[in-house]
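**Student:** from the sequence below, what's the structure:
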Amino acid sequence: MADSPAISLCVIGKNEAHNLADFWRMAQKFADELIYVDTGSSDNSMEISSQVGARIFQYQWNDDFAAARNFSLEQATGDFILILDPDE
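**Tutor:** Alright, predicted model coming up:
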């Protein structure tokens, strides 16, 4: 029996610590790979994401949402990629 396809979840955020604990708890139920791209947080968003095993990347915010999102997609290794925001 073939392995099921891997799902990568790509998330970008800044100062999302108040949302991330619940968000990651939900996401771990269906995503095989968690990717968090931080765009300049001053809170503990990266630490919370690291604690659940997310792959953490920093991206210098340049007022281009699409560029940050595309950077997150470049990090994914799964067969399928899901994009969500921490406040969804």
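**Student:** what pairs with Cys10 across the strands?
**Tutor:** Counting by DSSP bridges, Cys10 is bridged to Ile35, Ile83.
**Student:** quick check: it vs Ser42, distance?
**Tutor:** Per C-beta to C-beta, to the nearest Å, Cys10 is found 22 Å from Ser42. C-beta here means a position set from N, CA and C on the backbone, and glycine is covered the same way.
**Student:** correct me, but Ile81 touches Leu73?
**Tutor:** Yes - with contacts counted by C-beta atoms under 8 Å, Ile81 reaches Leu73, the gap being 6.1 Å.
**Student:** which of those two has more neighbours?
**Tutor:** Using other C-beta atoms under 10 Å, the more surrounded residue of Ile81 and Leu73 is Ile81, with 18 against 13.
**Student:** helices of the chain, start to end?
**Tutor:** For the chain, the helices defined by DSSP state H occupy 17-27, 45-51, 65-75.
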